[in-house]
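from the sequence below, what's the structure:
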Amino acid sequence: MFMMTENNTLRIFTWHIHGTYLYYLSKGNYTIYIPLNEKKDEGYYGRGKTFPFGDNVVEVEASQVRNLEFDCILFQTKKNFCVDQYEILSDQQRRLPRIFLEHDPPTEHPTNTKHVMNDPEVVMVHVTHYNRLMWHSPARIVRVIEHGVPDPECRYGGELPKGVVVINHLHQRGRLLGADIYEEVRRQVPLDLIGMGTAEYGGNGEILHPMLPAFIRQYRFFFNPIRYTSMGLAVCEAMMLGMPIVALSTTEYPSILRNDETGFISNDIDYLVEQMNRLIAMPEVARILGGGARRIAQQKFDLGRFTREWENTFRLAIDTKSVEYETHSIYQ
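This next block holds a predicted model:
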């Protein structure tokens, strides 16, 4: 089970949970196996048709997963950890090196919520330092791997005198994602809303991910009304384009975004509205701030750094498990 492929490429099994994250994760030097079933329910979509995955992302019929060999198991949701692994992994596979990738901060109590991953032998990975700070977890080995996004072929244009918001199912997800803030702001600032489930609320609907950079580059600024979440990949992507960012000063954002350098960040909605209207009136200011956002993105969200950290973390989990196994065998 611990043997790697002939070219020393790690074999990682996970579920298709966040398509964009999986696509960027797949840019690393390892092979990712994902399950597929007829229902195509959560995690079992296979490769899908949205992302141009490479040959290193391999679909496996869910019923056949237990017959394959992997080097590491990557959980990404409560369901993966509490249900899925017992339904499709063999007993031997469940004893493999394991990692739990937590994409979000706790949504119940912000500081006292105990993480569902209660096995201290599983390596815990958070996507922001804020998330790591807030979760109550028994994991012995905890890592933070900040997002990585590619450098797009196109660049910021900003010719449209309006802002853009990119959130799937914003109105269905309510206050947590800032649906009320979006509604309040759009009465004072011209905004377009993009994402799945937005057309019925006056939005532009879904723009497929490969076409998103070229579509949003035309907007004057990117607005993120989300109250409480991780560092959004859409924000990272907009920064890499060279777009100025306007956002609430919550969770990880204050450590990344800077007033008058990358755009504007505050919990004062009136101040943000004022600055958004300023960006609409002064495109040259928007372009300067967008340049600042891009410089920060190049420093923080390099895709090569992201995939190297993931490969190192996979190997850490494997090496740690091997040492534990040898120690246990010696003293048995």
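
for the rest of this, base every contact and every neighbour count on C-alpha atoms.
Will do.

tell me where the model's unsure across this protein.
1-7, 321-332 (pLDDT under 70).

domain ranges for it, per the record?
Structurally, the chain divides into domains by automatic domain parsing as follows: 10-148+303-330, 160-300.

how far off centre is the shortest one?
Relative to the centre of its chain, domain 160-300 is centred 16 Å away, using CA atoms, centre = their mean, to the nearest Å.

so which strand or helix has L316?
helix 303-330 (DSSP states H and E).

at which residues are the strands of the stretch 1-150 of the chain located?
10-13, 30-36, 57-61, 72-75, 98-102, 123-126, 142-144 (DSSP state E, counting those that start in this stretch).

nearest to N267, of the ones you listed?
Among the strands of the stretch 1-150 of the chain, the nearest to N267 by CA to CA is strand 123-126 (24.6 Å).

direction included, what does that closest one pair up with?
strand 98-102 (parallel), strand 142-144 (parallel) (DSSP bridges).

need the winner for burial among the domains of the chain.
Stretch with highest mean neighbour count among the domains of the chain: domain 160-300 (a mean of 19; mean count of other CA atoms under 10 Å).

surely M231 is in contact with S255?
No: in this structure, M231 is not within contact of S255 by CA atoms under 8 Å, at 10.3 Å.

return every residue with contacts to both of those two.
Residues touching both M231 and S255 (CA atoms under 8 Å, 6 or more residues apart in numbering): none.

and P244, what does it touch?
By CA under 8 Å, 6+ apart, the contact set of P244 is 220-222, 238, 262-264, 286-287, 289-293.

output these as a markdown table; include the columns distance to F51 and secondary structure.
Shown next, in a markdown table, are those (distance: CA to CA, whole Å; DSSP: H, G, I helix; E, B strand; the rest coil):
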| residue | distance to F51 | secondary structure |
| --- | --- | --- |
| R220 | 27 | strand |
| F221 | 25 | strand |
| F222 | 23 | strand |
| A238 | 18 | helix |
| T262 | 29 | coil |
| G263 | 30 | strand |
| F264 | 31 | strand |
| A286 | 31 | helix |
| R287 | 30 | helix |
| L289 | 30 | helix |
| G290 | 27 | helix |
| G291 | 28 | helix |
| G292 | 29 | helix |
| A293 | 26 | helix |
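
with distance to H209 added, can I get those residues in CSV?
Converted to CSV, the contacts of P244 look like this (distance: CA to CA, whole Å):
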residue, distance to H209
R220, 20
F221, 18
F222, 16
A238, 12
T262, 23
G263, 24
F264, 25
A286, 24
R287, 24
L289, 24
G290, 21
G291, 23
G292, 24
A293, 21
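
from these, pick the one nearest E183.
F222 (15.5 Å).

in space, what's closest to G19 - neighbours in sequence excluded?
Spatially, and ignoring its direct neighbours in sequence, G19 is nearest to F51 (7.5 Å; CA to CA, 6 or more residues apart in numbering).

distance to D270 added to the strands of the stretch 1-150 of the chain, as TSV?
Listed next are those as TSV, based on distance: least, CA to CA, whole Å:
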stretch	distance to D270
strand 10-13	47
strand 30-36	45
strand 57-61	46
strand 72-75	41
strand 98-102	33
strand 123-126	32
strand 142-144	34
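
among those strands, which comes closest to D268?
Checking the strands of the stretch 1-150 of the chain against D268 by CA to CA gives strand 123-126 as the closest, at 28.3 Å.

rewinding a little: could I get the domains of the chain as CSV with distance to C154?
As requested, the domains of the chain are exported to CSV (distance: least, CA to CA, whole Å):
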stretch, distance to C154
domain 10-148+303-330, 17
domain 160-300, 6
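
in this structure I280 contacts P161, no?
Yes: I280 lies in contact with P161 (CA under 8 Å); the separation is 5.1 Å.

who touches both of the two?
R220.

dump the residue contacts of the residue nearest to G19.
By CA under 8 Å, 6+ apart, the contact list for F51 reads G19, T20, Y23, H209, P210.

how much space separates it from Y24?
For F51, the distance to Y24 (CA to CA, to the nearest Å) stands at 10 Å.

R143 now?
Counting by CA to CA, the gap from R143 to Y24 is 18 Å.

same check on I181?
For I181 relative to Y24 (CA to CA), the value is 30 Å.

and for N277?
Distance, N277 to Y24, by CA to CA: 34 Å.

swap in I88?
For I88, the distance to Y24 equals 25 Å [CA to CA].

list the contacts of stretch 198-213.
Residues from elsewhere that reach stretch 198-213, judged by CA under 8 Å, 6+ apart: 20, 50-51, 152, 154, 168-171, 192-197, 215, 237-238, 241.

show me the contacts for the closest residue in space to N224 that isn't next to it in sequence.
Using CA to CA, 6+ apart and skipping residues adjacent in sequence, the residue nearest N224 is A247, 4.7 Å away. Residues near A247 by CA under 8 Å, 6+ apart: F223, N224, P225, I226, Y253, F264, I265, S266, L272.
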